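Asker: give me a model of this one.
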Amino acid sequence: DSFDITDAEGICSYVNPAFEKLAGFKSTEMVGKSTDILINEDKTGQGLMETIQRCKAEGKAWEGIIVNNRKGQDPISVEMKVMPVFDAEGNNSPSHFVTCRLELNPTLCRACLNNKNQGYNSTSRRMSNGRVRTESSNTSINSINVNNTSRRLSKQVDAPIIKIQSMLRSLQDSSPQQLPAQLIENVMAMLRSSELYNPGSNNLTEDPEALGFMDGLMEGRGTRPSVTGDTVLSHRESTVAFNSGTYPMQTLPTLIKENLNKRKEWDYDILELERLSSHRPLFYLGFDILVEFGILNLFKIEETTLRNWLGLIESHYRTSNTYHNSTHAADVLQASAYFCRSQCMENFLDPTDFLALLIASICHDIDHPGRTNAFLCNVGHELAIMYNDSAVLENHHSATTFKVTCQSPEAKNVNIFQNLEPENFKLIRKSVISMILATDMTQHFEHYNKFLAVNLKCGSSEDGGEDGSSTPVSQENKSLILRMAIKCADISNPSRNISLATAWAHRIVLEYRDQIAEEKSKKTSAVTATVRRRSQIASTIRESVRYGAAQHVLRLFRIRTPNGSAK
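Answerer: This is a model prediction of the structure:
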């Protein structure tokens, strides 16, 4: 996007290269001057100009379509978004404004701007959290650029239903006698889509390698091959041995204790715990976190039962997997617990919701074979046949969770649900299954864009407080928040520090390589892009996952770097 930064008086302090290309003005020609000269008042309309100025004076964001002047060229129609930036002093007036401009289709713009007298009054509103704050009064260009990039990535994955909402929202403050014909036509065309919440992977990135990996991640089912044969995946291979004996947590080695003391930090090093615990991080971290969130009292169980359950669950994760192993489960658990400690989660969820989320995080990839759903469908794996090629792994993970917990020979000593009232167990089981099924990447944008739609409504000042905290949340929306939380935790690797993000990227690359090799040996259709250079793929994985949800999630849960700027 083209964007510029101005002070409270509208005097420009920075423009990016995309702005120079769009407007034709160099940075040296704009800095120190008012950006009002960029709006073509005759074609935009005096009424709309006044609306924009009023929103800025009130510290509100504004977005809509205007006609933008260009140096030495004809004016063009652009979608413009003005965002206020507040300093850390708590002032009610913004200290700066960030304005983004995106050139639009000329046909649509002519229709939208056809009625000059009435103008095209777009919605003025506060941002979803009431305001855009910075950690210091002199916001750096880098932090603004990062936030703008996050908005750009979020915009790129807008599904049809989100675009429809945006179009209709842009008209709600105006009441023209006749809505723009082209706008109505576009809305109707989008409503005919069979996947209103899915923007399609081609909108994510122009990088062919990143696109290939995204397609591999999000492909749910493949074409059943004509050849048959058993896959090399055994039902139970390379798992951690389970010992149902007692584990004296109070006598933990000093290094493990020191590591667990850092579990509340966002950049917690789970890989260090993996090494210190001899590949049993889920057992140690799981115990500390579940006890922290009150499972012993709420579920009315003894410490021994909890330790036995954690040991049994971890034993069903395959150590032969480089990525989908118990360390990944522990990493997702740590991220989910981090989210649970945030104020925005506490506003909406209760302790039982938290425990359901933590249990789902622990079990969400149990007995993962290290292959994708599409691969299992392509080779005719027994799991694909059992679950009808639909969310194969996720159904297997959720079923295995309750089978191992409630029906194993050791169930009496490991069943953490045994003392719950039947109705409470039913609710928790339903919630855990819902969250595990939500980790299916083929449904990623279904959950993501539904959440954005709800978030836009809940975050508005009309429905509650500035941050939406007083807005009542239905059970359906509670479930949506929980599903989004576990999805965010599941793909949170790229938002960690660079060393952890890179290590996880290399791990998933190795797992993909194993799958590619097996695909070639079985001569099945390839569902994963061909790997050329390990270092290039590590970068590709990190970037492709970022397009999914990581950027949006960091803003949602207000995860910040040590210097206070958003990651």
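Asker: contacts, neighbours, all on C-alpha from now
Answerer: OK.
Asker: where's the nearest residue to residue 438 once chain neighbours are set aside, which helix or strand?
Answerer: Closest residue to residue 438 apart from its sequence neighbours, by CA to CA, 6 or more residues apart in numbering: residue 483 at 5.9 Å. Secondary-structure assignment from DSSP states H and E places residue 483 in helix 475-490.
Asker: what packs against the next helix or strand after that helix?
Answerer: Toward the C-terminus, helix 475-490 is succeeded by helix 498-522 as the next helix or strand (DSSP H and E). Contacts defined by 3 or more CA pairs under 8 Å, 6 or more residues apart in numbering; DSSP states H and E place helix 498-522 against helix 534-545.
Asker: which stretches of the stretch 351-500 of the chain have low pLDDT?
Answerer: When the per-residue scores of the stretch 351-500 of the chain are filtered using pLDDT under 70, the ranges that remain are 411, 453-472.
Asker: do you have the helices of it handy? List them.
Answerer: Counting by DSSP state H, counting those that start in this stretch, the stretch 351-500 of the chain has helices at residues 351-363, 373-378, 382-386, 392-407, 411-414, 422-438, 444-458, 475-490, 498-522.
Asker: surely residue 23 meets residue 67?
Answerer: No - if you go by CA atoms under 8 Å, residue 23 and residue 67 don't touch, sitting 11.3 Å apart.
Asker: and those two? which has more neighbours close in?
Answerer: Neighbours were tallied for residue 23 and for residue 67 using other CA atoms under 10 Å; the higher tally belongs to residue 67 (23 against 19).
Asker: let me see the contact set for the more buried one.
Answerer: Taking CA atoms under 8 Å, 6 or more residues apart in numbering, we find residue 67 in contact with 39-41, 43-44, 75-78.
Asker: make it 7 Å
Answerer: 39-40, 43-44, 75-78 (CA atoms under 7 Å, 6 or more residues apart in numbering).
Asker: next SSE downstream of the helix or strand hosting it?
Answerer: Per DSSP H and E, residue 67 falls inside strand 61-70. Note on strand 61-70: by DSSP H and E, the next helix or strand toward the C-terminus is strand 73-85.
Asker: tabulate the CA atom coordinates of that next one in CSV.
Answerer: These are the backbone C-alpha positions of strand 73-85, laid out as CSV (Å, rounded to 0.1, in the frame of the first residue of the first chain):
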residue,chain,number,x,y,z
GLN,A,73,-1.1,13.2,-14.4
ASP,A,74,-4.9,12.9,-14.3
PRO,A,75,-6.5,12.3,-10.9
ILE,A,76,-7.3,8.7,-9.9
SER,A,77,-9.9,7.1,-7.6
VAL,A,78,-8.4,5.4,-4.6
GLU,A,79,-9.6,3.6,-1.5
MET,A,80,-8.2,5.7,1.4
LYS,A,81,-7.9,4.7,5.0
VAL,A,82,-7.0,7.3,7.7
MET,A,83,-5.8,5.9,11.0
PRO,A,84,-5.2,8.0,14.2
VAL,A,85,-2.1,7.2,16.3
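Asker: report the rounded mean pLDDT for the helix or strand following that strand.
Answerer: Downstream of strand 73-85, the first helix or strand assigned by DSSP H and E is strand 96-103. Mean pLDDT, computed over strand 96-103, is 86.
Asker: low-confidence ranges in the stretch 101-250 of the chain?
Answerer: Scanning the stretch 101-250 of the chain for pLDDT under 70 picks out the ranges 105-250.
Asker: repeat that with 50
Answerer: Along the stretch 101-250 of the chain, segments meeting pLDDT under 50 span 107-156, 173-177, 201-202, 204-205, 223-240, 244-248.
Asker: got the contact list for residue 12?
Answerer: Applying CA under 7 Å, 6+ apart, we find residue 12 in contact with 5-6, 30-35.
Asker: buried subset of those residues, written for ChimeraX?
Answerer: Per 16 or more other CA atoms under 10 Å, the buried members of these correspond to this ChimeraX selection:
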select :5,6,30,31,35
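Asker: wait, residue 93 touches residue 59, no?
Answerer: Yes - here residue 93 lies in contact with residue 59, judged by CA atoms under 7 Å, at a distance of 5.9 Å.
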